[in-house]
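A.B. asks: just need the structure, nothing else, for what follows:
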Amino acid sequence: MAPGQVPSIGQPIGQEASERAYGAMIARARALVPRLRERAVRTEELRHLPSETEKDLHDAGLFRMLQPARIGGAELDYVALVDCAELLGTADASVAWNFANLASHHWMLAMFEQKAQDMVWGRDPDALIASSFIFPAGRATKIEGGYRLHGSWPFSSGVASCEWNMLASVVYSDDEADGVEYRIFLLPRGDYTVLDTWNVAGLRGTGSCDVEVRDAFVPDHMTIAVGDLAGGPTPGSNVNPNPSYALPVFSLFPYVLSGVALGNAQACLDDYAEVARHRLSTYNRAKLSDFQSTQIKIAEASAKIDAARLIMRSTCINAMDEARRGHVPNMASKTRYRRDGAFSVNLCTEAVSMLFSASGARGLFTTGVLQRQFRDAHAINSHLAFNFDAAGTNYGRVALGLPSENLTL
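C.D. replies: Numbering: from 1, shown residues only. Next up is the predicted model:
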């Protein structure tokens, strides 16, 4: 297989081929950075990705980087999602956010029953799938052959570009003794309505609108229980045996998006350092690069960013190693994944906030990128997956011998 060529349908990926495919994907992502950065202002104005940006991501094969090789995807290791999101995030966090979200849904679909995969990829292997994994937003009931689903879900990123949506819901039973079940439902575009609600301060270009479902029927094969995504074999394992599709989905959920925070913070640091090299102080015309405070801020911010990158990448690589050995992580490991995912993104947010503060009043101008990087950093950090209080509390509970409170793990 030639370098950069995506494996053909049904062609397994060996280590050497996988490394070449990874290198080609990284190169394609890096090549997009200049033009994505040029479009960043327009992306914010649109409140969703420009059509040419979506085309660029499709043409580069980035959306299909975690899709099974048998469908024509690149079937890369999970860490590639962090690495590519970081690169795209240096250009525009909104683009990186939608890329990472939508690419991860190909990975998740590979865990559904084959019939569900065929329904989506059989029609169009490039089809984009949106999501909202807020379980209390929906209510589902079991009926013959499937489920009845209704609800209203917020934050469905990139939904305007998608033909499908993965919506999380609680399944209720008439018998209270049966309790509740968490499931994910895969619906075609005709079964939900998109509500134009995305008017926000940060990640403005993601088009993360609300979606509404009114009493839709979802066949059994178009749903998957959260318990089937906790690590190990899934309903899709018989056709997608790669260990990547045996990873614990919601334990590693922060790393779907953590690379976005990393790239945004790295861009903020690079931009700040570039300005500081040449800028003179407004008050005494001294070079900012000569100020000890400037030097210390760059050192501290870069240390936080480098530490965050190390945490994110090592977690994903170690999880893949465990999956290759057929090991399903225990609850202590799963809560550590969540803890470290939140902590690493918090480090990125701290770095951006520090650099924004050090930039003084010049950072406030909307003509500059720093104010957008600051807004995007805090928008990213507002995601529940990056709430360290929640992740830290649950980690501490398990470390102290108490049961986990996160029902998705």
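
A.B. asks: how about the strands in the stretch 51-200 of the chain?
C.D. replies: In the stretch 51-200 of the chain, the segments counted as strands under DSSP state E, counting those that start in this stretch are 129-132, 138-143, 146-156, 164-172, 180-188, 193-195.

A.B. asks: return the alpha-carbon coordinates of the longest one using PDB.
C.D. replies: In PDB, the C-alpha atoms belonging to strand 146-156 read as follows (Å, rounded to 0.1, in the frame of the first residue of the first chain):
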ATOM      1  CA  GLY A 146     -37.800  -1.800  19.500                       C
ATOM      2  CA  TYR A 147     -38.300   1.400  21.600                       C
ATOM      3  CA  ARG A 148     -40.500   4.500  21.600                       C
ATOM      4  CA  LEU A 149     -38.300   7.600  22.100                       C
ATOM      5  CA  HIS A 150     -39.100  11.200  22.800                       C
ATOM      6  CA  GLY A 151     -37.200  14.200  24.300                       C
ATOM      7  CA  SER A 152     -35.300  17.300  23.700                       C
ATOM      8  CA  TRP A 153     -31.500  17.200  23.600                       C
ATOM      9  CA  PRO A 154     -29.100  20.200  23.700                       C
ATOM     10  CA  PHE A 155     -25.500  20.500  22.300                       C
ATOM     11  CA  SER A 156     -25.700  18.300  19.200                       C
END
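
A.B. asks: what comes up buried for it?
C.D. replies: Of the residues in strand 146-156, 146-147, 149, 151-153, 155-156 count as buried by neighbour count, 16 or more other CB atoms under 10 Å. Every residue, glycine included, has its C-beta placed from N, CA and C.

A.B. asks: make CSV out of the residues you listed and add distance to residue 305 and pLDDT.
C.D. replies: CSV is the format used below for these (distance: CB to CB, whole Å; pLDDT from 0 to 100):
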residue, distance to residue 305, pLDDT
146, 46, 96
147, 44, 97
149, 41, 97
151, 38, 97
152, 37, 97
153, 33, 98
155, 26, 97
156, 29, 97
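
A.B. asks: what about the closest residue to residue 181 other than its chain neighbours, how many neighbours?
C.D. replies: Using CB to CB, 6 or more residues apart in numbering and skipping residues adjacent in sequence, the residue nearest residue 181 is residue 171, 4.2 Å away. Residue 171 is flanked by 21 other residues according to other CB atoms under 10 Å.

A.B. asks: so residue 171 bridges to which residues?
C.D. replies: Using DSSP bridges, the bridge partners assigned to residue 171 are residue 140, residue 181.

A.B. asks: distance of the closest residue to residue 159 other than its chain neighbours relative to residue 78?
C.D. replies: Among residues not flanking residue 159 along the chain, residue 130 sits closest, at 4.1 Å (CB to CB, 6+ apart). Noted for residue 130: a distance of 20 Å to residue 78, by CB to CB, to the nearest Å.

A.B. asks: could you do residue 321 as well?
C.D. replies: Distance from residue 321 to residue 78, by CB to CB: 11 Å.

A.B. asks: mind checking which of these two has more residues around it?
C.D. replies: residue 78 (22 against 12).

A.B. asks: residue 33 and residue 90 touch, don't they?
C.D. replies: Yes: the pair residue 33 / residue 90 is scored as a contact, 6.0 Å apart, by CB atoms under 8 Å.

A.B. asks: and the two? Which one has more around it.
C.D. replies: Per other CB under 10 Å, whichever of residue 33 and residue 90 has more neighbours is residue 90, with 24 against 18.

A.B. asks: quick one, what contacts the more buried one?
C.D. replies: By CB atoms under 8 Å, 6 or more residues apart in numbering, the contact set of residue 90 is 33, 37, 263-264, 266-267, 270.

A.B. asks: which one of the residues you listed is nearest to residue 328?
C.D. replies: residue 263 (30.6 Å; CB to CB).

A.B. asks: and that closest one, how close does it get to residue 87?
C.D. replies: Residue 263 is 6 Å from residue 87, by CB to CB.

A.B. asks: now the common contact residues for those two.
C.D. replies: The contact lists of residue 263 and residue 87 share residue 96, where a contact means CB under 8 Å, 6+ apart.

A.B. asks: so what's residue 287 bridging to?
C.D. replies: Assessed by DSSP bridges, residue 287 has beta-bridge partners residue 280.

A.B. asks: find me the pLDDT at it, would you?
C.D. replies: Predicted confidence (pLDDT) at residue 287: the value is 77.

A.B. asks: which stretches of this protein form helices?
C.D. replies: Under the criterion DSSP state H, the chain contains helices at 15-38, 40-46, 51-59, 79-89, 93-109, 114-121, 254-278, 292-324, 331-358, 370-381, 388-399.

A.B. asks: of all these, which lies closest to residue 236?
C.D. replies: Using CB to CB, the helices of the chain put helix 114-121 closest to residue 236, at 6.4 Å.

A.B. asks: any buried residues in the closest one, and which?
C.D. replies: For helix 114-121, using 16+ other CB under 10 Å, the buried residues are 116-117, 119-121.

A.B. asks: cool, stretch 183-194 as well?
C.D. replies: Neighbour counts using 16+ other CB under 10 Å place 183-188, 191-192, 194 of stretch 183-194 among the buried residues.

A.B. asks: kindly report the same for stretch 390-409.
C.D. replies: 390-391, 394-395, 397-398, 404, 406, 408-409.

A.B. asks: pretty sure residue 232 is in contact with residue 245, am I right?
C.D. replies: No: counting by CB under 8 Å, residue 232 stays clear of residue 245, with 10.3 Å between them.

A.B. asks: neighbour count winner among the two?
C.D. replies: Using other CB under 10 Å as the criterion, residue 232 and residue 245 rank with residue 245 on top: 23 against 15.
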